[in-house]
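> When you get a sec, could you give me coordinates for this:
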Amino acid sequence: MTDQQGPVAIVGAGSIGAGFAIVHATAGRSVLLYDAQPEAAEAAIGRIAETLADLEHFELLDEPPAAVLARVSAAASLEDAVAKAAFVHECVSENLDLKRQVTADIDARAPGDAVIGSASSAIPASDYAAEVPGNSRCLVAHPGNPPFLLRVVEVVPAPFTDPKAVDAATRFLGGSGLATVTVRKEPRGFVFNRLQGALLREAYCLVRDGVVSVEEIDALVRDGLGLRWSIVGPFETVDLNTRGGIERHAKLLGPAYEAMGAERGQHDPWTDELVANVSEQRRAALPLDAWADRVRWRDRELMRALLTRRSGES
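Have a look, this model is predicted:
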């Protein structure tokens, strides 16, 4: 659908727009950065230069910062930014009316085969692009922040999005070194923020109820959950924490987690069918006869992460 080697247009020069510029420029792509406030795009290029210097310091660049920065330029107008774009990132603020207007403006000016991906954090394409004539090429491309370090992006189509646009977006973003996760429905907040939100909701409740302090919550996540999740995700975590795997974990601790949810008015028990589905996917990824080796790998990766953390503190 789109020229995989074509330039990238980024509309909105805030932290996400600048972050995406770094992602694509470090992958060798030309980037045109546009913001309705002309000084914002120039300021973003200054921030990009500073970030590239930091990336070089930590040996995370494959070429000199100046070579990467040379691929990023400020566009004088929206028309100039998107006229030859293969992919357009809409990175304006999280405002429904603004996203509707900017998406329509991009659609009217970008090449017909360019995908329009919004960095929306919670507003689905069904809400902001339903009335856009070219909505079949509109989807959400929601990154972690900052995207040049958290190199994963959710690709979230609307029911009206052409599957070819989804495929093109996945290939284009993957070509810039981003791991892509295709979200099959449009839950508000998508997946990244729903997971983050679940933890934040409980954290707020625990502080409200006087159970623990803000800093103590941060310590538990920073030095415990977060450190472990930097190596393995939540499903693999509990799969490796219990000999016998995730099915045994659900049998042993499922009732406790159900009771925790009930305390917050949430009733989502892990049914036998759901556990079987999750277990089947985990066993396809890791047979039980490889479980012990994977546990040792996890432990060694945690040791590596702790060594890196210790080196940074010295």
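
> Below-threshold pLDDT in the stretch 201-314 of the chain: ranges please.
314 (pLDDT under 70).

> ok, which stretches of it are strands?
Here the stretch 201-314 of the chain has no strands by DSSP state E, counting those that start in this stretch.

> just the helices in it please.
214-220, 226-229, 234-241, 246-263, 272-285, 291-313 (DSSP state H, counting those that start in this stretch).

> Indicate which one of these is closest to V166.
For those, the distance to V166 is smallest for helix 272-285, at 21.6 Å, taking C-beta to C-beta. Yep, even glycine has a C-beta here, placed from its N, CA and C like the rest.

> Just list what the closest one packs against, helices and strands only.
Under the contact definition 3 or more C-beta pairs under 8 Å, 6 or more residues apart in numbering; DSSP states H and E, helix 272-285 sits against helix 234-241, helix 246-263.

> out of those, deepest packed?
helix 234-241 (a mean of 18; mean count of other C-beta atoms under 10 Å).

> What are the contacting residues of that one?
228-229, 232, 245-246, 249, 253, 278, 281-282, 285-286, 291, 294-295, 298 (C-beta atoms under 8 Å, 6 or more residues apart in numbering).

> by how many degrees do that helix and helix 272-285 diverge?
Going by axes from the mean of the first three to the mean of the last three C-alpha atoms, to 10 degrees, helix 234-241 is angled at 80 degrees with respect to helix 272-285.

> could I get helix 234-241 in CSV with only the CA atoms?
Provided in CSV are the C-alpha atoms of helix 234-241 (Å, rounded to 0.1, in the frame of the first residue of the first chain):
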residue,chain,number,x,y,z
PRO,A,234,3.3,-10.8,33.5
PHE,A,235,2.2,-14.1,32.0
GLU,A,236,5.7,-15.5,31.6
THR,A,237,6.5,-14.2,35.1
VAL,A,238,3.8,-16.4,36.8
ASP,A,239,4.5,-19.2,34.4
LEU,A,240,8.1,-19.3,35.6
ASN,A,241,7.3,-18.6,39.3
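
> How far off centre is stretch 138-148?
5 Å (C-alpha atoms, centre = their mean, to the nearest Å).

> about what we covered before: for the helices of the stretch 201-314 of the chain, give me JSON lines that also has distance to A25.
Formatted as JSON lines, these follow (distance: least, C-beta to C-beta, whole Å):
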{"stretch": "helix 214-220", "distance to A25": "33"}
{"stretch": "helix 226-229", "distance to A25": "29"}
{"stretch": "helix 234-241", "distance to A25": "33"}
{"stretch": "helix 246-263", "distance to A25": "40"}
{"stretch": "helix 272-285", "distance to A25": "34"}
{"stretch": "helix 291-313", "distance to A25": "26"}
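
> V68: which of those helices is closest?
Taking C-beta to C-beta as the criterion, helix 291-313 is the member of the helices of the stretch 201-314 of the chain that comes nearest to V68, at 24.0 Å.

> Now do the closest one: which elements does it pack against?
helix 226-229, helix 234-241.

> Kindly reformat the helices and strands packed on helix 272-285 as CSV and extend each row with distance to M303.
What follows is these, written out as CSV (distance: least, C-beta to C-beta, whole Å):
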stretch, distance to M303
helix 234-241, 15
helix 246-263, 23
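
> circling back to that earlier point, how about the helices of the stretch 201-314 of the chain, which one is nearest R194?
Closest to R194 of the helices of the stretch 201-314 of the chain, according to C-beta to C-beta: helix 234-241, at 12.6 Å.

> Quick one: residues contacting R300.
With C-beta under 8 Å, 6+ apart, R300 has no contacts at all.

> Relative to N135, how far out is it?
48 Å (C-beta to C-beta, to the nearest Å).

> E90 too?
For E90, the distance to N135 (C-beta to C-beta) stands at 13 Å.

> These two: which has the busier surroundings?
Taking other C-beta atoms under 10 Å, E90 and N135 do not tie; E90 has more neighbours (25 against 22).

> The more buried one contacts V115, correct?
No: using C-beta atoms under 8 Å, E90 makes no contact with V115, being 10.8 Å away.

> Now the common contact residues for those two.
Joint contacts of E90 and V115 (C-beta under 8 Å, 6+ apart) do not exist.
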